[in-house]
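Peer 1: Give the three-dimensional model of this entry:
(one chain, ligands or ions: 2)
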Amino acid sequence: MNISEYVDGILKNNTRAISRAISLIENEAEESVELLKALYPHTGNAKLIGITGPPGAGKSTLTDKLVKTIRKTGARVGVIAIDPTSPFTGGAILGDRIRMSELAVDPGVFIRSMGSRGQLGGLAKATQSAVKVLDASGCDYVFIETVGVGQSEVDIIKLADCVLLNMIPGMGDDIQAIKAGIMEIGDVFNINKCDREGADRLAIEIEMMLDLKGSFPIWRPPITRTQANAGIGVEDAWGQVVEFLKVAEESGLLNQRRVEHAQIEVQNILMDIFTKRIHNVAKDGVLEEFARQIVAHETDPYTVADELLQRM
Ligand SMILES: Nc1nc2c(ncn2[C@@H]2O[C@H](COP(=O)(O)OP(=O)(O)OP(=O)(O)O)[C@@H](O)[C@H]2O)c(=O)[nH]1
Ligand SMILES: [Mg+2]
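Peer 2: Ligands and ions are numbered 1, 2, ... in the order given. Coordinates of the predicted model:
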């Protein structure tokens, strides 16, 4: 497929073209940049919803139910699940596939899981690009599911238009750890597994945390409650997401966020370009030779850095 065939296929919501385009992005194929440039004018319609929370909180189950709720309105949905790096969750990924298999046959839904890459900013950049493909293909909503632990996951979730933070009762001290990272970025706090004890207590803790954070001139994150596996409370949780998006759009918050996200995107792209250039200029033993000279005090690291910069 050449670039215009890709673009054509994606705009026509051709599943194969979409899949292959996302693979190009994941593999950092050279054509992917041309493709993304060509797709950009066709993006901007989809709302990007980040779903995060601790491992096993029911993120995938909730996403599955949310997608079914949205599909009743006829809107089209994309889902990108970021594979957790932890080997312990390996089984859950398989679980996701089975759980979401009903959705997989719905032509109005596209589901894709993406693997974590080692590179700094690499996964966030790849995710942002994959979202563009789905956006251009006509999705009205794109979900990104990540486990809310680790900086790279938080970095991805920060790129969403709306963050739905999924918590569970009885997390005990875990909530402290989670607070530090992702509590800051929730637009809607959902307490899932409300069939378990401790939902009221968790709700009080979240409210207290929000009180400490101070004033919310535009939007105070509401707390919703679900029992995702039974489909209970899902419509209400979605209702709050929709309400947030409406408020964010009308107040200019959404646009402001997207401006911030575009800045991060450009920085990630630049970082990537420079990382590759550094890698290129330092290969074939060039860097090692300079390192020997540094250790022998024939030169110094700063002079070498200047010299290599000239060659980039
Ligand atoms: N009791 C109870 N179990 C639930 C509820 N929602 C989901 N589960 C179960 O919790 C388990 C984990 O659900 P997942 O949806 O895979 O959770 P996840 O957050 O996506 O998990 P990871 O992606 O591995 O972090 C599954 O066995 C679900 O059936 C709920 O409301 N109550
Ligand atoms: Mg999951």
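Peer 1: Surely L165 and M183 touch.
Peer 2: Yes: taking Cβ atoms under 8 Å as the definition, L165 is a contact partner of M183 at 7.2 Å. Just so you know, the C-beta spots here come from the backbone N, C-alpha and C atoms, and that holds for glycine as well.
Peer 1: if I pick the closest residue to G198 other than its chain neighbours, what's in contact with it?
Peer 2: Nearest non-adjacent residue to G198, counting by Cβ to Cβ, 6 or more residues apart in numbering: P169, 3.3 Å away. By Cβ atoms under 8 Å, 6 or more residues apart in numbering, the contact set of P169 is I191, K193, C194, R196, E197, G198, A199, R201, L202.
Peer 1: the more surrounded of L165 and M183?
Peer 2: Using other Cβ atoms under 10 Å as the criterion, L165 and M183 rank with L165 on top: 27 against 21.
Peer 1: Can you check what pLDDT the model gives the more buried one?
Peer 2: Listed pLDDT for L165 reads 92.
Peer 1: Pick the one among the contacts of P169 closest to ligand 2.
Peer 2: Nearest to ligand 2 out of these is K193 (Cβ to the ion; 13.7 Å).
Peer 1: and the closest one, what is it in contact with?
Peer 2: Taking Cβ under 8 Å, 6+ apart, we find K193 in contact with A57, G58, I168, P169, A199, Q227, A228.
Peer 1: same thing but 7 Å
Peer 2: Shown in contact with K193 (Cβ atoms under 7 Å, 6 or more residues apart in numbering): G58, I168, P169, Q227.
Peer 1: cool, R225 as well?
Peer 2: By Cβ under 7 Å, 6+ apart, the contact set of R225 is I191, C194, A199, G233.
Peer 1: can you map out the helices along the protein?
Peer 2: 3-11, 15-26, 31-39, 59-71, 90-99, 101-104, 122-136, 151-157, 174-181, 199-213, 234-251, 253-281, 286-295, 301-311 (DSSP state H).
Peer 1: Of all these, which one is nearest G78?
Peer 2: Nearest to G78 among the helices of the chain is helix 122-136; the distance by Cβ to Cβ comes to 3.5 Å.
Peer 1: Thought I294 was touching V304, still the case?
Peer 2: Yes: the pair V304 and I294 qualifies as a contact (Cβ atoms under 7 Å) at a distance of 6.3 Å.
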